[in-house]
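Trainee: Any chance you could fold what I've pasted below:
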Amino acid sequence: MAITHDTQTDVQDRAILVSLVTDKIKRTGFDPELSLQELVQLAETAGVEVLDVLRQNKETPDSKWFIGKGKVEELRMAADGLGANTAIFDQELSGAQVRNLEEALDLKIIDRTQLILDIFAGRAKTREGIIQVELAQLSYLLPRLSGHGKNLSRLGGGIGTRGPGESKLETDRRHIRDRITELKRQLDDVVKTRELHRERRRKSGAVQVALVGYTNAGKSTLLKQLTDADVYIENQLFATLDPTSRVLQLPAGKEVVLTDTVGFIQNLPHDLVASFRATLEEVNEANLVLHVVDASSPMREEQMEVVDSILQDLGAAGKPRVVLFNKSDLCQPEQLEMLPTGQGYLKISAFSPEDLTRVTGLIADELAGDTLVFRIPGDRGDLSSLLYRVGEVLETNYEENDVLYSVRLNKEDYEKWGYKLAEFVVQ
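Mentor: Numbers count the residues shown, from 1 in each chain. The predicted structure follows:
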């Protein structure tokens with residue numbers, strides 16, 4: 001299906017994908033073939049028709065062409081023969097490399113980073129998301145402007161021209177820098193608003209649980225199934241961009257706020273991480289992190305490592321965490337047997353009611369802490385309400401003008417609210 005843009009005609013992006021496997025890439029341990037499969041998914045998510053794939057092994061990238069000169073000629077002949085109008089590279093290109101390849105091939109040249117940014121541009125719906133994506137795109141394109149001349153002048157739009165728009169990108173660097181400054185100012189305002197919402201949640205004693213995971217692991221489906229949330233579900237990469245929070249009721253009646261976050265991906269563009277930092281840092285506010293993993297993916301372990309790395313970068317690596325191996329219904333028995341078991345791990349299908357019950361039970365167990373008894377004066381309804389909000393009230397007894405509450409309260413919540421409750425603890 002062609003992507004529609006505000007241009008004179010609509011042209012289908014018909015692309016050849018290119019992967020250069022260098023010695024450095026081999027040392028990372030991430031399978032370049034699996035990365036290439038992911039690039040196919042990214043391209044299809046962006047509405048691109050993938051015609052062919054070219055691979056090259058080379059010690060280091062060519063400074064002029066990125067791939068070798070002979071491979072450039074092979075790519076030109078393949079594009080002519082197949083009728084391709086685009087080449088998408090699995091690695092990031094410099095502005096000079098883009099310019100040289102465009103001149104040699106007469107094709108639109110896109111790299112993995114620009115493709116991901118383009119998908120995000122198509123997914124952004126909220127004001128915050130739109131600002132974040134445009135900021136990331138302009139930050140990426142600013143040092144590469146000299147390499148995108150043909151990209152910007154091509155009719156028909158397609159990938160790589162969505163978001164900021166051609167007219168903005170054709171302006172000089174000074175205007176783009178001014179636009180970046182303005183976007184950062186707007187984003188600062190949004191961040192302040194988000195922080196106010198966080199502070200309000202903290203003051204209310206709301207317990208927060210964050211869903212994180214690789215893109216297309218099934219986080220949004222799980223949120224929908226657990227909370228009956230009206231969220232966009234699609235078997236595509238980055239189907240969810242803007243974070244969604246819903247109330248989840250646990251078995252004993254305690255309510256928590258469950259937040260779905262943007263999916264991660266290997267080589268997530270640096271500019272995108274920087275722009276989305278305020279959104280991603282919702283994870284830092286969580287009392288518990290649910291790491292949702294696509295158990296059926298052949299890249300499962302590598303994807304888990306990517307998520308671990310990004311959580312580390314965000315300063316959330318030390319958060320209490322549970323791993324949910326999702327899509328167990330798509331796994332072969334031998335795949336399921338290879339998955340870790342024990343405390344902190346659960347094999348589930350988001351479409352299984354029994355598994356959803358196990359998930360809510362596990363959340364309750366992970367959030368549960370020590371059981372304490374509080375003697376609350378009968379006229380202190382504010383403290384009684386606080387106990388119900390921040391803990392699990394197991395039992396109540398009435399003695400004269402006081403109420404004795406037996407409450408299961410986790411350590412983190414007690415540290416947060418203990419200053420209000422400490423004097424009422426029964427020794």
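
Trainee: so the nearest residue to residue 377 once chain neighbours are set aside bridges to which residues?
Mentor: Leaving aside its chain neighbours, residue 377 sits nearest to residue 402 (5.8 Å; criterion: C-beta to C-beta, 6 or more residues apart in numbering). Just so you know, the C-beta spots here come from the backbone N, C-alpha and C atoms, and that holds for glycine as well. Residue 402 has these beta-bridge partners by DSSP bridges: residue 377, residue 399.

Trainee: Report the residue spans of the stretch 151-300 of the chain with pLDDT below the cut-off.
Mentor: 151-171, 205, 229-242, 278 (pLDDT under 70).

Trainee: hmm, try it at 50
Mentor: Scanning the stretch 151-300 of the chain for pLDDT under 50 picks out the ranges 152-156.

Trainee: the helices in it, which residues?
Mentor: For the stretch 151-300 of the chain, the helices defined by DSSP state H, counting those that start in this stretch occupy 166-169, 173-204, 219-227, 270-275, 277-280, 300-314.

Trainee: then the fifth one to CSV, C-alphas only?
Mentor: Output for helix 277-280, consisting of C-alpha atoms alone and laid out as CSV, is shown next (Å, rounded to 0.1, in the frame of the first residue of the first chain):
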residue,chain,number,x,y,z
ARG,A,277,13.8,10.4,27.7
ALA,A,278,11.0,12.1,29.7
THR,A,279,8.5,9.5,28.5
LEU,A,280,10.9,6.6,29.1
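
Trainee: and that helix, how far out from the chain's middle?
Mentor: Centroid separation for helix 277-280 versus its chain: 10 Å, with C-alpha atoms, centre = their mean, to the nearest Å.

Trainee: now the longest one
Mentor: For helix 173-204, the distance from its own C-alpha centre to the chain's C-alpha centre is 19 Å (C-alpha atoms, centre = their mean).

Trainee: Could you list every helix and strand in contact with that helix?
Mentor: helix 127-141, helix 166-169, helix 277-280 (3 or more C-beta pairs under 8 Å, 6 or more residues apart in numbering; DSSP states H and E).

Trainee: Mind putting these into JSON lines with mean neighbour count and distance to residue 305?
Mentor: Shown next, in JSON lines, are those (neighbours: other C-beta atoms under 10 Å; distance: least, C-beta to C-beta, whole Å):
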{"stretch": "helix 127-141", "mean neighbour count": "22", "distance to residue 305": "23"}
{"stretch": "helix 166-169", "mean neighbour count": "15", "distance to residue 305": "35"}
{"stretch": "helix 277-280", "mean neighbour count": "18", "distance to residue 305": "17"}
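
Trainee: Of all those, which one is nearest residue 333?
Mentor: helix 277-280 (35.8 Å; C-beta to C-beta).

Trainee: which helices and strands sit right next to that closest one?
Mentor: In terms of contacts (3+ C-beta pairs under 8 Å, 6+ apart), helix 277-280 is packed against helix 127-141, helix 173-204, helix 300-314.

Trainee: Please identify the deepest-packed of these.
Mentor: A comparison of those by mean neighbour count, using mean count of other C-beta atoms under 10 Å, puts helix 127-141 on top with a mean of 22.

Trainee: could you give the angle of it to helix 173-204?
Mentor: Compare the direction of helix 127-141 with that of helix 173-204 by axes from the mean of the first three to the mean of the last three C-alpha atoms, to 10 degrees and you get 140 degrees.

Trainee: excluding its backbone neighbours, what's nearest residue 326?
Mentor: In space, residue 326 is closest to residue 218, 4.3 Å off (C-beta to C-beta, 6+ apart).

Trainee: distance of the one you found from residue 318?
Mentor: Distance, residue 218 to residue 318, using C-beta to C-beta, to the nearest Å: 25 Å.

Trainee: ok, the residue nearest to residue 377 touching residue 376?
Mentor: Yes: counting by C-beta atoms under 8 Å, residue 402 does reach residue 376; the two are 6.5 Å apart.
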